[in-house]
Each structure stands twice: as structure tokens, then as C-alpha cells.
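Chemist: model this:
(one chain, ligands or ions: 1)
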Amino acid sequence: MKIGVLALQGAVAEHLRMLEEAGATAVPVKKVEELDELDGLVLPGGESTTISKLMHKYGFMDALREFGKAGKPIFGTCAGAILLAKQIEGQDDCHLGLMDIKVERNAFGRQKESFEVTMPVAGVGADYPAVFIRAPYIMEVGENAEVLAKYEEKIVVAREGHYLAAAFHPELTEDTRMHKYFLDMVKEYRN
Ligand SMILES: NC(=O)CC[C@H](N)C(=O)O
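Modeler: Have a look, this model is predicted:
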């Protein structure tokens, strides 16, 4: 199984390492042609506005929409979840607009810029260590999306078919369960 990590900006190396540990072959993706050989893709955390600008610059907007619409699984973490969302609170435009979720950026307030909590994530585990860094939260999910985790009543993990979004950074722990969950999704959609 070959999984790419979009390598324009953000936490790329950490995702590559976790995907390898979870049992996949993981490659950084810097050119659209590299999408062809992939079974799935991770959109890392970072700064969504910066990543989006680079996605436009290097032709990834249309290429990634095609990738998603062809049924290839995509996992967006933190800024990556913002890139996937169809709606962003306070903004008219979205980025990829592939996943039927509405997100609010930097949703946990200044005093909580970064924090770690242990929480249950459905299908992943009861005690998942979630690292939040200037994290968004998911305000609403569409009727085909399911909520996998909430923190303080806010949705922080959701799945819609072959799209997975997490508000936190699963690549910044030693716990590979979230990446394994994504690899199981990829297996499910590969055939
Ligand atoms: N750690 C992150 O990915 C932060 C996301 C960032 N606040 C954004 O809006 O893009």
C-alpha cells in the first residue's frame, strides 16, 4: 500500500514516519504526477492558507479534487481538515471542498493554543492521545458523515466515506492507531 503525504508545507516527515510504522510505504508528494501511483493521501497540519496558496501554484487543486472524486482516500489533519472542508466559518470560499463538514479555524482560543488530552475515538481506541495546536474544530457534519470523536462538546474527528478529518495531530505522538485506521480505510476502498 502506497500512501503519499502532501509535502508543500507542514508536518510532513512525522506523517511519513507514522505511516511507515503503521505498515504502509509512505512518500512525500511535491508534484501532481506523483498522485497517480498512490492508494491514499494525507494532508498534513501546518498553515491552511499557506498550503492552499502552494496547492494553487503547483496545480494540486484540480488534481486533488479528481483524486478524491475517483474514490481515493484522503486524511486531513488540522490544517489538512480545513483544506478538505466544504465550508469554513466566516469565509465565503473553501479550499478543496471535498468533505461535507463545516470547520472553524483556531477554535480553542488563545490560552489553549496547544494542549494534549486523552480521549475516545470511535473505531480507534478509548484512550487516544490527541495533540491540538491552534486547532480547528468541526462545527457541523453532513448527513453522510459520522462523528468519531468530540472534545468539550466539539467535534474533532469525522469521517465521510473515504474522507477522514482530525482537528488534532496524530503524527506527533508515538501512537499509530489513527494512521492504522486510515490504512484500513484505504484497504476498504482499494478494491
Ligand atoms: N496546527 C495546524 O495545522 C494549525 C492550523 C492553522 N491554525 C490553520 O488555520 O491552518
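
Chemist: All the strands of the chain, residue numbers only.
Modeler: 2-6, 25-29, 40-43, 74-77, 85-88, 99-104, 114-121, 125-133, 137-141, 146-151, 154-160, 163-166 (DSSP state E).

Chemist: distance between the last one and the chain's centre?
Modeler: Relative to its chain's centre, strand 163-166 lies at 5 Å (C-alpha atoms, centre = their mean, to the nearest Å).

Chemist: Just the residues contacting it, thanks.
Modeler: Residues outside strand 163-166 that contact it (C-beta atoms under 8 Å, 6 or more residues apart in numbering) are 68, 73-78, 80-81, 84-85, 98-99, 101, 103, 130, 138, 149, 156-159, 178, 181-182, 185. Where you see a C-beta, it was placed from the backbone N, CA and C, and this is true even at glycine.

Chemist: In CSV, could you pull the C-alpha coordinates for it?
Modeler: This file holds the C-alpha atoms of strand 163-166, laid out as CSV (Å, rounded to 0.1, in the frame of the first residue of the first chain):
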residue,chain,number,x,y,z
TYR,A,163,-12.5,11.1,3.7
LEU,A,164,-11.2,11.4,7.3
ALA,A,165,-10.6,14.6,9.1
ALA,A,166,-9.0,15.2,12.5
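
Chemist: Pick the most deeply packed of the strands of the chain.
Modeler: strand 74-77 (a mean of 29; mean count of other C-beta atoms under 10 Å).

Chemist: and it, does that touch the ligand?
Modeler: No - shown here: strand 74-77 not in contact with the ligand (C-beta under 6 Å from any ligand atom), separated by at least 7.2 Å.

Chemist: That strand pairs with which strands?
Modeler: Sheet pairing here is set by DSSP bridges, and for strand 74-77 it gives strand 40-43 (parallel), strand 163-166 (parallel).
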